[in-house]
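coords below, sequence missing:
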Ligand code: COD
Ligand code: ZN
């Protein structure tokens with residue numbers, strides 16, 4: 001019996017307030033309005049940014065259904081939707097692509113400026129499709145993947161290969177693409193180059209995958225936790241170094257190892273001090289340094305202009321610089337063509353109901369990515 005046009009009752013993980021566990025609740029999901037898509041989620045992974053909301057470091061209206069790294073199947077579409085149809089496999093996009101704004105029309109920019117839904121915790125029409133116990137429940141960054149069913153704007157969903165394994169390609173919705181794109185799209189790593197990657201979580205490891213795919217000759221992996229080194233090497237790091245093993249600053253160690261500094265450096269931790277170490281590790285004249293992490297509490301960094309005047313490039317981007325709706329289907333196709341692996345990033349798979357366990361694994365540093373299956 002078709003559910004199209006009807007309210008669907010299903011389970012979702014609701015965050016009622018910060019610093020509390022998720023509650024698995026029975027919620028109602030309204031049908032999609034015009035230019036919206038209702039998706040049956042199949043898999044979602046858990047990302048550090050979801051935990052920042054729980055911890056209170058990333059304010060978003062609550063109660064809400066969080067989750068932004070998922071994959072599913074279109075259940076029904078609202079009026080006027082043309083890019084997907086019921087039955088299509090899709091990935092929701094936390095950074096939408098409207099296709100019409102100044103940035104979507106810019107050849108390089110990827111931060112679509114049309115959607116203010118991020119700030120308000122709603123669909124782009126300012127309302128939500130979720131209710132629980134008679135109360136409206138907010139959306140989260142256009143995606144809300146911690147629910148058996150979710151509704152997204154058409155500009156916040158990409159159709160992907162019908163043969164793709166959703167319990168793996170869900171990582172393309174955030175962490176993998178953020179890291180991989182930072183190497184291949186933002187830095188534009190070149191064949192034979194030297195790279196340094198600071199931070200070996202799921203995103204840093206995805207940067208390593210990107211550097212390797214782009215043909216880097218040396219990839220120096222940096223982390224204060226040496227337990228991260230084995231996986232970094234498996235994915236392409238040629239050397240692994242721990243700043244705690246040296247008495248001098250780590251950028252000096254890297255400069256000595258690389259005849260003055262690497263061609264490309266990446267900060268994938270989210271700390272001011274390591275952003276400076278990463279910048280200084282890139283060559284003063286030809287280096288490109290990319291910021292991937294976001295420091296807490298809007299901290300800022302002061303720099304000597306000479307650090308850039310000599311020729312360095314310092315840049316950053318969200319979602320690996322990818323225009324989401326255009327790039328996600330291509331990234332899935334590249335995964336299907338074995339251009340890069342995703343499996344090594346998935347350390348745990350749990351049923352959706354064990355979402356709080358997945359967050360404990362993230363907080364304890366025991367997981368790289370946990371995939372929750374519905
Ligand atoms: N020196 C070296 N390594 C360090 C240091 C240090 N001082 N401190 C921590 N580390 C290592 C840790 O041991 C760990 O291995 C690694 O850094 C960080 O890994 P995770 O698992 O905490 O992080 P990731 O890979 O899941 O995410 C990293 C981000 C930088 C993306 C994240 O923390 C962040 O800043 N997120 C917000 C920015 C963003 O774009 N997110 C994407 C949208 S959700
Ligand atoms: Zn994320």
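Cool, got the structure. None of the values given here were measured: they were computed from a predicted structure. Ligands and ions are numbered 1, 2, ... in the order given.

which bits of this protein sit near ligand 1?
47-49, 174, 178, 198-204, 222-225, 228, 243, 268-271, 274, 292-294, 318 (CB under 6 Å from any ligand atom). C-betas here are computed from N, CA, C, even on glycine.

List the contacts of whichever residue of the chain sits closest to ligand 1.
Using CB to the nearest ligand atom, the closest approach of the chain to ligand 1 is made by residue 201 at 2.2 Å. Contacts here follow CB atoms under 8 Å, 6 or more residues apart in numbering; on that basis residue 201 touches 48, 228, 268-269, 368.

now residue 331, nearest residue through space, not along the chain?
Setting aside the residues directly before and after it, residue 331 is nearest to residue 172 in space (CB to CB, 6 or more residues apart in numbering), at 5.0 Å.

typo on my end, residue 276
Distance criterion CB to CB, 6+ apart; nearest residue to residue 276, sequence neighbours excluded, is residue 301 at 6.6 Å.

For the one you found, which three-state class applies?
Under the three-state scheme (DSSP: H, G, I helix; E, B strand; the rest coil), residue 301 adopts coil.

right, and it touches residue 275 too?
Yes: using CB atoms under 8 Å, residue 301 is in contact with residue 275, at 6.1 Å.

Looking only at neighbour counts, state which of these two leads.
Of the pair residue 301 and residue 275, residue 275 is the one with more neighbours under other CB atoms under 10 Å, namely 24 against 11.

give me phi/psi at the residue nearest to residue 276?
Taking degrees, to the nearest 10, you get phi -130, psi 130 for the backbone angles of residue 301.

now do residue 29
Torsion angles, degrees, to the nearest 10, at residue 29: phi -120, psi 110.

can you give me the strands for the stretch 151-300 of the chain?
Using DSSP state E, counting those that start in this stretch, the strands of the stretch 151-300 of the chain run over residues 157-159, 194-198, 218-222, 239-241, 264-267, 288-291.

average pLDDT across the first one?
For strand 157-159, mean pLDDT rounds to 98.

cool, and stretch 324-343?
For stretch 324-343, mean pLDDT is 97.

Contacts for the lowest-mean-pLDDT helix or strand in the chain, please.
Lowest mean confidence among the helices and strands of the chain (mean pLDDT, DSSP states H and E): helix 117-120, at a mean of 74. Residues from elsewhere that reach helix 117-120, judged by CB under 8 Å, 6+ apart: 61, 123-124, 126, 139, 141-142, 153.

which of the residues you listed count as buried?
Among the contacts of helix 117-120, those buried by neighbour count (16 or more other CB atoms under 10 Å) are 123-124, 139, 141-142, 153.
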